[in-house]
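# fold the following, please.
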Amino acid sequence: MIIPPSPSHSLSFTQKSALKKLNVNRTAELEKLLETEHLKIQNKKGIENSVLGVMSGSGDFKWIGAKGKANSSGVEITTNTPFFIASVTKLFITASVLRLVEQGKVKLGKPAADYLPEGLMSGIHRYRDRDYSSEISVMHLLTHSSGIPDWLEDRPKGGKSMVDQIVLEEDRLISIPELVEAVKNSLQSHFPPSDLEGKKIRIRYSDTNFQLLIALLEHCCEKPISSVFEELIYRPLGLSSTFHPGQDGAESIERADFWVAKKPFDRPALIQSFRDLYSTADDLLLFFRAMISGDLFEDPKTVEWLGKKWNRFSFPLDSVAFRLPSWPIQYGVGMMRWELPRIYSPFRRIPPVVGHTGVTGSWLFYCETYDLYLCGTVSQLYQAPLPFQWVPQLLAKIEKLTV
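Numbering: from 1, shown residues only. Okay, here's the model as predicted:
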């Protein structure tokens with residue numbers, strides 16, 4: 001279970017000493033790390049920019065760096081340039097659902113269909129001639145234990161996945177009812193909804209789960225998801241640079257492109273269809289600190305849901321699963337837990353982190369061992385695994401600065 005230190009709590013002597021040592025060379029060392037890593041990957045498979053952010057749990061120390069160009073016009077990226085955070089958005093969705101739980105509007109163990117437009121869940125989960133659609137709870141969606149196929153990555157028999165089609169398609173908006181209908185008509189469910197009280201819960205990553213949670217938030221709050229986030233997250237925390245593409249006023253905001261290989265993904269309607277956010281490193285760090293500390297919630301104990309039980313993704317046994325988060329990542333309630341396996345670091349244990357990554361090489365993590373928040377991106381669709389290379393290096397560097 002996550003039991004994070006709250007920013008309002010006093011730091012221990014050990015934490016203060018570590019933070020003091022970290023502050024000694026913080027800017028030079030982190031700048032050097034970002035410069036070195038960016039030079040290694042610059043122009044590799046279309047990587048044009050890198051962003052890295054670090055903040056202490058107390059908020060006394062924060063550093064953000066940015067390198068490279070923000071867009072195909074050659075404009076330099078800055079620490080204030082919003083970038084596409086992809087599935088890191090799932091943390092915002094999770095936080096919003098938990099806020100509705102606090103307000104008594106949603107119960108995690110209840111069927112998700114109770115909180116969705118009539119008919120949306122009907123027939124979405126059929127497995128071996130049985131329809132499990134009415135048995136899928138809100139918790140099943142949050143923990144990826146529903147067995148519902150992924151609308152983007154799963155392939156219909158003899159066909160292409162939606163993500164493969166999207167790269168080739170003309171720009172268009174895909175609604176949640178439309179993508180849900182595609183799942184119902186074309187894709188096979190992977191397993192029955194897991195017994196959440198059982199010892200072993202089966203999980204498989206599926207973006208469909210969180211598209212349904214977006215629909216749940218919109219239905220329960222009777223407003224678009226951008227307004228839900230504004231009310232439940234942005235306004236309480238004072239976030240000023242986080243937004244959905246397509247929302248009012250968003251088109252005038254200069255932002256970083258994300259690339260697919262060597263080309264920027266210039267499909268604004270399709271980007272809007274993912275329902276993921278643009279944000280800055282500063283906003284992400286502030287948001288996640290408030291979420292992990294419990295300050296975002298009316299009851300700070302709400303945060304304990306996030307680490308109530310961690311379940312490990314299985315090792316990928318099919319080609320589709322290799323493109324999805326899998327072993328050795330664990331998943332809790334709307335959040336990943338990840339630790340570098342000892343086989344890859346036999347002489348030094350790299351501490352675990354919790355948070356989320358995105359398909360564009362974006363990440364937002366908290367490391368309890370060092371009481372640090374970490375975020376970043378490389379804005380490249382084909383570099384989703386890169387955070388799992390960078391974060392251990394960053395933690396190893398921090399360890400040297402604090403020993």
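# how near is I253 to A215?
25 Å (CB to CB, to the nearest Å). C-beta: built from backbone N, CA, C; applies to glycine.
# quick one: pLDDT of the residue nearest to V75 when sequence neighbours are not counted?
Nearest non-adjacent residue to V75, counting by CB to CB, 6 or more residues apart in numbering: K69, 6.3 Å away. The pLDDT attached to K69 in the predicted structure is 93.
# what do you get for the one 10 residues further on?
What the model reports for T79 is a pLDDT of 96.
# please identify the helix or strand for the residue lying closest to it once chain neighbours are set aside.
Among residues not flanking T79 along the chain, I64 sits closest, at 4.4 Å (CB to CB, 6+ apart). According to DSSP states H and E, I64 maps onto strand 62-68.
# go on, L395?
Assigned by DSSP H and E, L395 belongs to helix 387-402.
# in the stretch 101-250 of the chain, which spans are helices?
Assignment of helices within the stretch 101-250 of the chain using DSSP state H, counting those that start in this stretch yields the ranges 138-142, 162-168, 176-186, 207-221, 225-229, 235-237.
# which of those sits most buried?
Ranked by average neighbour count under the criterion mean count of other CB atoms under 10 Å, the helices of the stretch 101-250 of the chain are headed by helix 138-142 at a mean of 25.
# does that helix pack against any helices or strands, and if so which?
If contacts are counted by 3 or more CB pairs under 8 Å, 6 or more residues apart in numbering; DSSP states H and E, helix 138-142 sits against helix 89-102, helix 207-221.
# and the last one, what does it pack against?
Contacts of helix 207-221 with other secondary structure elements, assessed using 3+ CB pairs under 8 Å, 6+ apart, are made with helix 89-102, helix 138-142, helix 176-186, helix 225-229.
# tabulate the ones you listed (JSON lines), appending mean pLDDT and distance to P387.
As requested, the helices and strands packed on helix 207-221 are arranged in JSON lines below (pLDDT from 0 to 100; distance: least, CB to CB, whole Å):
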{"stretch": "helix 89-102", "mean pLDDT": "98", "distance to P387": "14"}
{"stretch": "helix 138-142", "mean pLDDT": "98", "distance to P387": "21"}
{"stretch": "helix 176-186", "mean pLDDT": "95", "distance to P387": "26"}
{"stretch": "helix 225-229", "mean pLDDT": "98", "distance to P387": "23"}
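# need those in TSV (columns: distance to G294).
Converted to TSV, these look like this (distance: least, CB to CB, whole Å):
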stretch	distance to G294
helix 89-102	10
helix 138-142	18
helix 176-186	30
helix 225-229	19
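# nearest to P156, of those?
For these, the distance to P156 is smallest for helix 176-186, at 4.0 Å, taking CB to CB.
# which residues touch the closest residue to T94 other than its chain neighbours?
Counting by CB to CB, 6+ apart, T94 lies nearest to G334, which is 2.7 Å off, once chain neighbours are set aside. With CB atoms under 8 Å, 6 or more residues apart in numbering as the criterion, the residues that contact G334 are K90, L91, I93, T94, A95, V97, L142, T143, L306.
# on that earlier part again, which residues touch the strand holding I64?
Contacts made with strand 62-68 from outside it, assessed by CB under 8 Å, 6+ apart, are listed as 26-27, 30-31, 34-35, 38, 42, 47-56, 76-79, 81, 281-282, 285.
# buried subset of those, written for PyMOL?
Here is the PyMOL command that selects the buried residues among the contacts of strand 62-68 (16 or more other CB atoms under 10 Å):
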select buried, resi 26+30+34+38+47+48+49+50+51+52+53+54+55+56+77+81+281+282+285
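# just the contacts of strand 62-68: which are in helices?
Cross-referencing the contacts of strand 62-68 with the helices (criterion: DSSP state H) gives R26, T27, L30, E31, L34, E35, H38, A281, D282, L285 as the overlap.
# between the residues you listed, which is nearest G238?
Within the set of the ones in helices among the contacts of strand 62-68, D282 lies nearest G238; the separation is 10.8 Å, counting by CB to CB.
# the nearest residue to the closest one once chain neighbours are set aside: neighbour count?
The shortest distance from D282 to any residue other than its chain neighbours is 6.3 Å, reached at I64 (CB to CB, 6+ apart). A count of neighbours around I64, defined by other CB atoms under 10 Å, yields 21.
# show me where the protein dips below the pLDDT cut-off.
Of all residues in the chain, those with pLDDT under 70 make up the ranges 1-26, 38-39, 42-45, 166-168, 316-323, 342-347, 400-403.
# residues contacting D154?
Contacts for D154 (CB under 8 Å, 6+ apart) come out as S161, L187, Q188, S206, V320.
# nearest to L381, of the helices and strands packed on helix 207-221?
Smallest distance to L381 across the helices and strands packed on helix 207-221 (CB to CB): 15.4 Å, for helix 89-102.
# that closest one vs helix 207-221, what angle?
40 degrees (axes from the mean of the first three to the mean of the last three CA atoms, to 10 degrees).
# buried ones in helix 89-102?
Along helix 89-102, these residues count as buried under the neighbour rule (16+ other CB under 10 Å): 89-101.
# same deal with stretch 293-312?
For stretch 293-312, the neighbour count (16+ other CB under 10 Å) marks S293, G294, L296, F297, T302, V303, W305, L306, G307, W310, N311 as buried.
# in helices only, show me the residues you listed.
Restricting the buried residues of stretch 293-312 to those inside helices, with DSSP H as the criterion, leaves S293.
# the buried residues of stretch 293-312 in strands, which ones?
Among those, the ones falling in strands (DSSP state E) are N311.
# any idea how far Q188 is from I148?
Relative to I148, Q188 is positioned 10 Å away (CB to CB).
# higher neighbour count, those two?
Between Q188 and I148, counted using other CB under 10 Å, the more crowded position is I148 (32 against 14).
# thought that one was touching P192?
No - applying CB atoms under 8 Å, one finds I148 not in contact with P192, separated by 10.9 Å.
# for the closest residue to G109 other than its chain neighbours, list the residues it contacts.
Computed as CB to CB, 6+ apart, the closest residue to G109 that is not its neighbour in sequence is S137, at 5.5 Å. Residues in contact with S137, defined by CB under 8 Å, 6+ apart, are L108, G109, K110, P111, A112, P193, L196.
# next, the contact list for the residue lying closest to the first one once chain neighbours are set aside, please.
In space, and not counting its chain neighbours, L108 is closest to M139: 4.4 Å by CB to CB, 6+ apart. The contact partners of M139, taken as CB under 8 Å, 6+ apart, are L108, G109, S145, L196, V333.
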